[in-house]
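> Please find the sequence and the predicted model below.
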Amino acid sequence: MKKSILLTSFDIWLSEQQSNSSDDLLLEVAKGDFLPYSLTFLHQLPVDIHLASERVIAKIQELQPDYIICCGMAAKRTQLSLEVCASYGESVLYTGVDLEKLVLGSATIEISHDCGKFVCEGLYYSVLDYLRESQLAANCIFVHVPVLHQENLLEILADFLLIVNKLALS
């Protein structure tokens with residue numbers, strides 16, 4: 001049976017932005033026939049924790065995916081970053097995925113303990129909390145994506161596909 005993976009990305013939030021690198025990366029993934037999995041894309045989520053979380057949770061309820069990969073832009077980072085946890089107030093939730101296994105084979109993916117204090121962390125926390133409360137078997141990770149350009153696109157895309165493959169095979 002094919003693994004089902006839900007991939008999400010955000011819309012832009014500043015008027016000077018041409019695009020959001022998380023969405024740019026998922027558009028590249030969608031162009032190719034790289035992966036033997038059932039991929040569902042939820043593009044350009046609103047940059048609003050409540051609205052984004054509602055849309056993602058509704059899609060999880062509809063699809064019942066095996067994995068959820070939430071992606072967000074991290075303009076100051078230079079490589080993909082896998083987020084270990086997300087917090088809300090004093091509460092901290094951790095992904096159930098062994099991130100160390102996912103980064104094996106790549107020298108350019110980092111594991112991060114700082115999901116930021118913006119919509120990325122809010123969405124990640126909401127999804128992890130929903131999965132915990134609902135006792136679903138699905139796992140979720142959050143991937144921060146640096147700004148993409150001609151010099152780094154192929155390497156970032158290859159690293160992201162490595163993550164997706166390893167996640168689906170775990």
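Looks like it arrived, so ask away.

> Could you check how far Ser91 is from Ser81?
Computed with CB to CB, to the nearest Å, the distance linking Ser91 and Ser81 is 22 Å. No exception for glycine: its C-beta is placed from N, CA and C like everyone else's.

> my bad, should have said Pro146
8 Å.

> residue contacts, the residue nearest the centre of the chain?
The chain has Cys70 as the residue nearest its centroid, 2.4 Å off, counting by CA atoms, centre = their mean. Residues near Cys70 by CB atoms under 8 Å, 6 or more residues apart in numbering: Thr8, Val56, Cys120, Leu123, Tyr124, Val127, Cys140, Ile141, Phe142, Val143.

> Which pLDDT value goes with it?
Note for Cys70: predicted pLDDT of 98.

> For burial, what's the neighbour tally of the closest residue to Asn165 other than its chain neighbours?
Nearest residue to Asn165, sequence neighbours excluded (CB to CB, 6 or more residues apart in numbering): Leu35, at 6.9 Å. When neighbours are counted by other CB atoms under 10 Å, Leu35 registers 15.

> same deal with Lys31?
The burial count for Lys31: 9, using other CB under 10 Å.

> quick one: it and Leu63, what's the gap?
21 Å.
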